[in-house]
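Novice: This is the structure alone, sequence omitted:
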């Protein structure tokens, strides 16, 4: 795997460049490249070393990146709405951490629009940010052995939804019926890097 | 061709359906999976007359017992398992024909850790996102997303057309319980104290019992970090040697996650990954640092070896040669 490193920061514009670089490289279909996956500020280019001209691939990456360096802002896009029943097992703890009521936690979590920076951990798990710093409680020191699918959690400035039952250490504050990943759908993952997301408290529209 | 099945009588320790892996969806966090020893998987397929990406059964340490409900051609490649068909020893690294109702039994493994059973036409299960590979943690692909259990009937093609018998001329396995793996420096090699890469290459690491298809936890002297800041999660690939805060490295294998936030001191080179795939808990690893150019040369020479192995020699051409 070839790792393209942009400036190491959690920043929407840097992340947007990494994502666009990925789609541009994918569109060029360089010989030997099997997969392209963006991180927060990086891009993983997975290639078959036997069928890849590495110098040519590096040249493609450099020329595509040069074309993106002038990108300073991100085009508007419509947020994807995810319905949430707030009230997970850690909602009270997050409220105590923030020194506010649970209603305030819900308000602060649901009034922001989040950016999906990357997906990882398991299929369809989107790392989203940034959470209101007042409710940015760190993850559990000892992860739970089983977090149910659909759980909405906070880990520091990040928020996310568990797509399947899995171990996990995030602070759980709600649950969504949204199916985050389904291999049989046309678009298996509900979210892609670069998407915007809003959490809508159940009962509101 | 008509339908047949492998009827699993005993599943063995961990038997899964694998093909070359689920590429193209890592941006959605979909892990690649695939064989731990890609070379032996490919060799088994070539011996059985298949395309190299046909789905095989990956067998781990203690092999399964199964009844073949079809007339077909098969081949076993990889770790040296005792294997019989109706109590007659089966050749390893060669194709053989099986008739409906015959019972294949795997015994102990004598060398290596994993073998691949290829069936003419491949395992006939529907692909998920373009691949039949089993990813155990996310229960994706393979046979119902899991390891095989007693009573399973794994669909295969029935193909009694005569195929040319094929033999390989030798297999690549680590010497007993110990392997030398070459590494190139990883993206965070400079996050460690200056001599850490040398330290990595100067001692033996033991594969801990808490190791699996996702990765091998390595026991040895801790690798000391020179900087303590958090790495922003980034994509990773097979062979990455990541180092959590406690300093004991983890070698990431077939079922690895697509991304992670631990610094990676190095990457095991592609040519040596199949060797790593033949290791088991309790085995020892020594690392040797090499350059990218050396890694490419090693891979080319490994591929030539595989071509020679699967030279698809007619039986007369291999007379007198060791075919196991």
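Specialist: Here it is on my side, so go on. Note that the structure is predicted; figures quoted are calculated from it, not measured.
Novice: how far does the host helix or strand of residue A:95 sit from the chain's center?
Specialist: Assigned by DSSP states H and E, residue A:95 belongs to helix A:91-98. Using C-alpha atoms, centre = their mean, to the nearest Å, the mean C-alpha position of helix A:91-98 is found 23 Å from that of the whole chain.
Novice: For that helix, list every residue counted as buried.
Specialist: A:91, A:93, A:94, A:95, A:97, A:98 (16 or more other C-beta atoms under 10 Å in any protein chain shown). For every residue, glycine as well, the C-beta is placed using N, CA and C.
Novice: Could you do stretch A:60-70 as well?
Specialist: Those would be A:60, A:61, A:64, A:65, for stretch A:60-70 by 16+ other C-beta under 10 Å.
Novice: quick one: contacts for residue B:257?
Specialist: A:120, A:121, A:122, B:29, B:31, B:214, B:236 (C-beta atoms under 8 Å, 6 or more residues apart in numbering or on different chains).
Novice: tell me the contacts of the closest residue to chain A within the stretch 151-300 of chain B?
Specialist: Going by C-beta to the nearest C-beta, chain A is nearest to residue B:235 of the stretch 151-300 of chain B, at 2.7 Å. Residues in contact with residue B:235 (C-beta under 8 Å, 6+ apart) are A:1, A:3, A:37, A:38, A:39, A:42, A:43, A:44, A:120, B:26, B:258, B:259.
Novice: what does chain A put close to chain B?
Specialist: Residues of chain A lying close to chain B (C-beta under 8 Å from any C-beta of the partner chain) are A:1, A:3, A:5, A:8-10, A:22, A:34-44, A:46, A:49-50, A:118-125, A:127, A:164, A:166, A:181, A:183, A:188-189, A:192-193.
Novice: domains of chain B?
Specialist: B:2-173, B:178-290 (automatic domain parsing).
Novice: where exactly do the strands run in the stretch 151-300 of chain B?
Specialist: Counting by DSSP state E, counting those that start in this stretch, the segments of the stretch 151-300 of chain B that form strands are B:153-158, B:178-185, B:204-207, B:215-219, B:234-235, B:240-242, B:250-252, B:259-260, B:264-268, B:284-289.
Novice: now, of those strands, which is deepest in the fold?
Specialist: By mean neighbour count, with neighbours taken as mean count of other C-beta atoms under 10 Å in any protein chain shown, strand B:234-235 ranks first of these at a mean of 28.
Novice: So in that sheet, which strands flank that strand, and in what orientation?
Specialist: Using DSSP bridges, the strands paired with strand B:234-235 are strand B:259-260 (antiparallel).
Novice: List the contacts of the helix holding residue A:95.
Specialist: Counting by C-beta under 8 Å, 6+ apart, A:101-102, A:104-106, A:108, A:134-135, A:137, A:154, A:171-174 sit against helix A:91-98.
Novice: Mind putting the residues you listed into JSON lines with pLDDT and secondary structure?
Specialist: Listed next are the contacts of helix A:91-98 as JSON lines, based on pLDDT from 0 to 100; DSSP: H, G, I helix; E, B strand; the rest coil:
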{"residue": "A:101", "pLDDT": "97", "secondary structure": "coil"}
{"residue": "A:102", "pLDDT": "97", "secondary structure": "helix"}
{"residue": "A:104", "pLDDT": "98", "secondary structure": "helix"}
{"residue": "A:105", "pLDDT": "98", "secondary structure": "helix"}
{"residue": "A:106", "pLDDT": "98", "secondary structure": "helix"}
{"residue": "A:108", "pLDDT": "98", "secondary structure": "helix"}
{"residue": "A:134", "pLDDT": "97", "secondary structure": "helix"}
{"residue": "A:135", "pLDDT": "97", "secondary structure": "helix"}
{"residue": "A:137", "pLDDT": "95", "secondary structure": "coil"}
{"residue": "A:154", "pLDDT": "96", "secondary structure": "strand"}
{"residue": "A:171", "pLDDT": "97", "secondary structure": "strand"}
{"residue": "A:172", "pLDDT": "98", "secondary structure": "strand"}
{"residue": "A:173", "pLDDT": "98", "secondary structure": "strand"}
{"residue": "A:174", "pLDDT": "98", "secondary structure": "strand"}
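Novice: quick check, residue A:117 in a strand?
Specialist: Yes: counting by DSSP: H, G, I helix; E, B strand; the rest coil, residue A:117 is part of a strand.
Novice: who touches residue B:127 in this structure?
Specialist: Going by C-beta under 8 Å, 6+ apart, the list of residues near residue B:127 reads residue B:141.
Novice: Now do the contacts for the closest residue to residue B:266 other than its chain neighbours.
Specialist: Sequence neighbours aside, residue B:183 is the residue nearest to residue B:266 in space, at 3.9 Å (criterion: C-beta to C-beta, 6 or more residues apart in numbering or on different chains). Neighbouring residues of residue B:183 by C-beta under 8 Å, 6+ apart: B:200, B:201, B:241, B:266, B:267, B:268, B:269, B:287, B:288, B:289, B:290.
Novice: And the helices in chain A?
Specialist: Here chain A has its helices, by DSSP state H, at A:12-28, A:54-68, A:91-98, A:102-110.
Novice: tell me the angle the second one makes with helix A:12-28.
Specialist: An angle of 130 degrees separates the directions of helix A:54-68 and helix A:12-28 when computed by axes from the mean of the first three to the mean of the last three C-alpha atoms, to 10 degrees.
Novice: and the residue of chain A found nearest chain B, how many neighbours?
Specialist: Residue of chain A nearest chain B, by C-beta to the nearest C-beta: residue A:44 (2.7 Å). Counted by other C-beta atoms under 10 Å in any protein chain shown, the residues lying close to residue A:44 total 23.
Novice: Could you check how far the residue nearest to it when sequence neighbours are not counted is from residue A:172?
Specialist: What sits nearest to residue A:44 in space, not counting adjacent residues and going by C-beta to C-beta, 6+ apart, is residue B:235, at 2.7 Å. With distances taken as C-beta to C-beta, to the nearest Å, residue B:235 is found 27 Å from residue A:172.
Novice: and what of residue B:306?
Specialist: In terms of C-beta to C-beta, residue B:306 sits 48 Å off from residue A:172.
Novice: got the residues of chain B near chain A?
Specialist: B:23-32, B:128-129, B:137-140, B:187, B:232-237, B:257-260, B:267, B:270, B:295-296, B:299-300, B:303.
Novice: Any of those residues buried? List them.
Specialist: For these, buried by 16+ other C-beta under 10 Å: B:23-32, B:128-129, B:137-138, B:140, B:187, B:232-237, B:257-260, B:267, B:270, B:295-296, B:299, B:303.
Novice: Among these, which lie within helices?
Specialist: Filtering these for helices - DSSP H - leaves B:295, B:296, B:299, B:303.
Novice: ok now do the third one, which residues does it touch?
Specialist: With contacts defined as C-beta under 8 Å, 6+ apart, the neighbours of residue B:299 are A:49, A:50, B:269, B:270, B:271.
Novice: Determine which two of the residues you listed are furthest apart.
Specialist: A:50 and B:269 (12.5 Å; C-beta to C-beta).
Novice: Between the two, point out the one with more neighbours.
Specialist: residue B:269 (24 against 12).
Novice: any low-confidence regions in chain B?
Specialist: B:1-2, B:160, B:162, B:169-175, B:310-324 (pLDDT under 70).
Novice: mind listing the helices in it by residue range?
Specialist: Going by DSSP H, chain B shows helices at B:38-47, B:196-200, B:273-276, B:292-309.
Novice: most tightly surrounded among those helices?
Specialist: Scoring the helices of chain B by mean count of other C-beta under 10 Å, the most buried comes out as helix B:38-47, with a mean of 27.
Novice: what's the angle from it to helix B:292-309?
Specialist: Helix B:38-47 and helix B:292-309 meet at an angle of 30 degrees, taking the same axes, to 10 degrees as the criterion.
Novice: Mind giving me the packing neighbours of helix B:38-47?
Specialist: Counting contacts by 3 or more C-beta pairs under 8 Å, 6 or more residues apart in numbering or on different chains; DSSP states H and E, helix B:38-47 is packed against strand B:56-60, strand B:72-85, strand B:102-119, helix B:273-276, helix B:292-309.
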